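J.: just coords:
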Ligand SMILES: [Zn+2]
């Protein structure tokens, strides 16, 4: 499932979904902490009581309560529809208060625990190479169905990354 295939054409995925703006998460949940770097730092912000650690099927994650619940639904649907690909899925993490890689000031959505990075066959997809792991392509529709935006659509392709879309965050946290 770690075999590489080209990123699908823009417009063929993330239909009706937008990346979630940090300003939206900040307005609805508060600031994750006071200072950030490239490494994961502890969350000290007001929403930390909403962070949970739980089994979502193939692995355990720590994230925002509504995101973890949604991720469990994604994984349940994935397991039922595609057990072969499901058997190779893992995670490279969900909650991580840090800057977006390569940015000096934009905070990653991982800082609020609403994004997850996936592995297939314990391998990370390489960012920005225009290729995606086959497993990512196969799990993508289940994230789409639950309102998660796929990072393959970012200006710099980040195909291992899925996050609750702007539209979904507004619906779940309104
Ligand atoms: Zn990510």
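T.: Right, received. Where do you want to start? Every value quoted in this text rests on a predicted model; they were computed, and no experiment measured them.
J.: which positions in this protein make contact with the ion?
T.: Within the chain, the residues that sit near the ion (C-beta under 5 Å from the ion) are 115, 117, 161. Yep, even glycine has a C-beta here, placed from its N, CA and C like the rest.
J.: tell me the one of those nearest the ion?
T.: residue 161 (3.3 Å; C-beta to the ion).
J.: now the closest one. Nearest residue, chain neighbours left out?
T.: Leaving aside its chain neighbours, residue 161 sits nearest to residue 151 (3.2 Å; criterion: C-beta to C-beta, 6 or more residues apart in numbering).
J.: quick one: contacts for the one you found?
T.: The contact partners of residue 151, taken as C-beta atoms under 8 Å, 6 or more residues apart in numbering, are 157-163.
J.: longest helix anywhere in this protein?
T.: In the chain, with assignment by DSSP state H, the single longest helix is helix 65-81.
J.: hang on, the earlier thing: out of the contacts of residue 151, which one sits closest to residue 46?
T.: Using C-beta to C-beta, residue 163 comes nearest to residue 46 of the contacts of residue 151, at 20.4 Å.
J.: the closest one belongs to a strand?
T.: Yes: checked against DSSP: H, G, I helix; E, B strand; the rest coil, residue 163 lies within a strand.
J.: hey, what's it bridged with?
T.: Taking DSSP bridges as the rule, residue 163 bridges to residue 115, residue 149.
J.: quick revisit: which element follows the longest helix of the chain toward the C-terminus?
T.: The helix or strand immediately downstream of helix 65-81 is helix 83-86, counting by DSSP states H and E.
J.: and that next one, what's buried?
T.: 85-86 (16 or more other C-beta atoms under 10 Å).
J.: packing partners for the helix or strand just after it?
T.: Toward the C-terminus, helix 83-86 is succeeded by strand 89-93 as the next helix or strand (DSSP H and E). Contact partners of strand 89-93 among helices and strands, from 3 or more C-beta pairs under 8 Å, 6 or more residues apart in numbering; DSSP states H and E: strand 115-120.
J.: do I have it right that residue 153 meets residue 19?
T.: Yes: contact criterion C-beta atoms under 8 Å: residue 153 and residue 19 qualify, at 7.5 Å.
J.: can you name the residues that contact residue 91?
T.: Contact partners of residue 91, counting by C-beta under 8 Å, 6+ apart, are 58-59, 61, 116-119.
J.: give me the distance between the residue nearest to residue 161 and residue 117.
T.: Relative to residue 117, residue 151 is positioned 9 Å away (C-beta to C-beta, to the nearest Å).
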